[in-house]
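> Mind looking at a prediction? Sequence and model below.
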Amino acid sequence: VEGLFYEIQKHIKAQQEQQHQGGEDNKKTKSTIEANLHSSLQALHNASSPKYTMDLLALYLFTSSSSSMETDESPPPLSSHDAFLILTVLVSHDKSSDYLIAASRAVKSTAELIAASSSSSSSTIEVSDEVLSIIVAQLTGQNVEVSSNASITLLALTKKIGKPISDRIIPSIVQTWKQQQNSSKTSSQSSTICIRCASTIIDIACLGDAMMECAVQNNAMSMMVYILEKEVESDPLMVMSILDLLEKMANTLPMHGKRSKWLCSDSVLDVLLSMAGGGGNGYESAAAGGTHDPILGGPALRLLSCLCRLAQRDESLFFGGNHREEELKTETIHQQHRQLLVGFHRALHSFDSNLSGELERLAFIDAVSSFAASSPDAMAIVLDDPTLCEGWLSLSVAQPKLKSVILHSVANAIDPPKEMDANGDTVLPWNVPSNQIAMRLFDALGRVNDTGGDIHDDATKLVLANATSPMVETRLGSYALLKAIAKRGVGAQVLLSHAGFFEFLTHREISLETTKEGKEAKHDIVVAILESDAKGLLADDIVKKLEHIERQGPHYVKAVPWELATE
């Protein structure tokens, strides 16, 4: 097969040399060369499958010429350029697209192998302009698999080489994207290509700050915002796809600084708030309010929820940059923050007034809980609003999974989960609610689902009732909330003061919990109490009993005497 490669290479070079020459003799020479080339291509087709052929050629595509070894006893190895020419000729002469699909698979596999290899250095990998250009061009093709393979290839190369290759890839994709916008292709074809380009750029931008900065500088991110602003009426499905891509961008960990700053910039927040019915983030539009888009309002609100979760990790995001503590107190920044809160508050009300199903209710719960947990001011707005509290905290629903979502959302608001930063280190959220705010939220849960009685006792009674539910999802949600409250000294005291809570933890032989996850979650409540500030205030016998249960572990089962077991 490799011998045929050299034959084809020779014919291609001869063809290039004769290309610009005229005369009758030259025409005959050209015909001879084309016949020889066709004969060699046919011989290769007979000798090898498209897959095997392309797998061999792909190995040369990204090889640096300096890393190729040449000996006196062997012909010079194929260069990246030669392999590219042979591959191009094979694809162009193939009417069945077998070589095109095989080439895309081979190039993708080779790029992934390079990215995963710890032995190959980025200095030995060479991606020529012609190879890069043809890979990017595949994003505009009609074959979905080929386009997908091209995107994966570009991402794999960036993971291995980093900024030097991303600084070439992103401008090339942007140029291709702009050309498609000005082409004569149908609206659906153009939209599909735009989404492919945007998706690839976002995947690359999520790899690091350098890639994100390149995407911003080359106006790739501005083009996405333009689609959100201008294509709502003409192509809502493309806008929805962009929203989904931005949501993926907001949820991809580890999170990098430049990415989170752009996601929470005014240009993005303004258009999202407008779609969600918040009227935008500007001073006038936020005051005006509005109704949410019937198609795009839900995705926009879901994305806003993700951005609120970003704000839980970095309090400077919604202030337009890194500011010193003194600057955060200035009137301008305070007003900017307030306008954002007002806009999001209006969006939640607009969405709540038009809820039409369980999926929308789930999106609303996620949005309210994420907004409330983003800052003390946001939590105060939600807790002071009976409508939002009712929409978030009401458990008067038939679906156990929805109840579990509500309970988990309250637990996460009280005890925000840890996440990773760009270095892979664990980061604690900056906005861990105070004991006062946490207990106020817990009390609000009891008040919304009022069963009569003392407000603290009402909430504990409610959660305990769900902790003994026959539905696993509901029990797990209850355990999560009890653990979040128990981690706080005042919360642990409130729980233990409720008649039946101590027995719920200690009477393991009559426990209804049979699942592994449930037993471990219930045991975590005991550990949380013992690690809280309340431990020193508890009676000695209570502490000893809880410590005994902690030592036994979550899966302890009381042994049955041998005599009883054999009766």
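Cool, the structure landed.

> what residues are up against Glu550?
Glu550 is in contact with 523, 526-527, 530, counting by C-beta atoms under 8 Å, 6 or more residues apart in numbering. (C-beta placed from N, C-alpha, C; glycine too.)

> Who are the contact partners of Ser117?
Here Ser117 is in contact with no residue (C-beta under 8 Å, 6+ apart).

> sorry, back to before: in helices, which of the contacts of Glu550 fall?
Those of the contacts of Glu550 mapping onto helices are 523, 526-527, 530, per DSSP state H.

> As JSON lines, those with pLDDT would be great.
Shown next, in JSON lines, are the ones in helices among the contacts of Glu550 (pLDDT from 0 to 100):
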{"residue": "His523", "pLDDT": "94"}
{"residue": "Val526", "pLDDT": "95"}
{"residue": "Val527", "pLDDT": "95"}
{"residue": "Leu530", "pLDDT": "95"}
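
> which pair in those residues spans the largest distance?
Using C-beta to C-beta, the ones in helices among the contacts of Glu550 reach their maximum pairwise distance at His523 and Leu530, which is 11.0 Å.

> the more surrounded of those two?
Legend: neighbour count by other C-beta atoms under 10 Å for His523 and Leu530, higher for His523 (22 against 17).

> Identify the residues contacting the closest residue to Phe62 other than its chain neighbours.
Leaving aside its sequence neighbours, Phe62 sits nearest to Ile125 (C-beta to C-beta, 6 or more residues apart in numbering; 5.2 Å). Ile125 sits next to 62-64, 114, 157, 160-161 when contact means C-beta under 8 Å, 6+ apart.

> quick check, nearest of those to Ala35?
Thr63 (31.3 Å).

> Would you confirm that the closest one contacts Phe84?
No - applying C-beta atoms under 8 Å, one finds Thr63 not in contact with Phe84, separated by 11.3 Å.

> about what we covered before: which residues does the residue nearest to Phe62 form beta bridges with?
Thr63 (DSSP bridges).

> And it, how far from Asp167?
Computed as C-beta to C-beta, to the nearest Å, the Ile125 to Asp167 distance reads 15 Å.

> what's the distance between the closest residue to Leu245 other than its chain neighbours and Leu310?
Among residues not flanking Leu245 along the chain, Ile202 sits closest, at 5.1 Å (C-beta to C-beta, 6+ apart). Ile202 sits 16 Å away from Leu310, going by C-beta to C-beta.

> do Lys544 as well
44 Å.

> in the helix or strand Ile549 falls within, what's buried?
Ile549 belongs to helix 540-552 when assigned by DSSP states H and E. Across helix 540-552, burial judged by 16 or more other C-beta atoms under 10 Å covers 543, 545-546, 549.

> just to revisit the earlier point, what subset of the contacts of Ile125 is buried?
Buried, going by 16+ other C-beta under 10 Å: 62-63, 114, 157, 160-161, out of the contacts of Ile125.

> nearest to Ser191, of the residues you listed?
For these, with Ser191 as the reference and C-beta to C-beta as the criterion, the closest is Leu157, at 26.4 Å.

> From what I see, the closest one and Ala115 are in contact.
Yes - if you go by C-beta under 8 Å, Leu157 and Ala115 touch, sitting 7.2 Å apart.

> mind listing the strands for the protein?
419-420, 426-427 (DSSP state E).

> Give me the mean pLDDT for the last one.
Pointing back at strand 426-427 there. Taken as a whole, strand 426-427 has an average pLDDT of 62.

> burial of Leu537, as a residue count?
Quick note: Leu537 (other C-beta under 10 Å) scores 12 neighbours.

> Report pLDDT for it.
pLDDT for Leu537: 89.

> Same check on the one 4 residues further on?
The pLDDT attached to Asp541 in the predicted structure is 93.

> do the same with Arg302
Reading off the model, Arg302 has pLDDT 86.

> so it touches Asp366, yeah?
Yes - look at Arg302 against Asp366 with C-beta under 8 Å: they come within range, at 6.7 Å.

> gap between Leu495 and Met221?
47 Å.

> er, Leu269 I mean
14 Å.

> Likewise for Asn143?
Distance, Asn143 to Met221, by C-beta to C-beta: 28 Å.

> Chain neighbours aside, what residue packs nearest to Glu112?
Nearest to Glu112 is Ala156, by C-beta to C-beta, 6+ apart, at 4.9 Å.

> ugh, wrong one, I meant Thr153
Using C-beta to C-beta, 6+ apart, the closest residue to Thr153 is Ala111 (4.3 Å).

> Was I right to think the one you found contacts Thr158?
No - contact criterion C-beta under 8 Å: Ala111 and Thr158 do not qualify, at 9.7 Å.

> coming back round to it: of the contacts of Ile125, closest to Asn435?
Distances from Asn435 to those, taken by C-beta to C-beta, are shortest for Lys160, at 48.8 Å.

> burial count for the nearest residue to the closest one once chain neighbours are set aside?
Using C-beta to C-beta, 6+ apart and skipping residues adjacent in sequence, the residue nearest Lys160 is Ala115, 4.4 Å away. Residues lying near Ala115 (other C-beta under 10 Å) number 18.

> In contact with Ala115, which residues are there?
156-157, 159-160.
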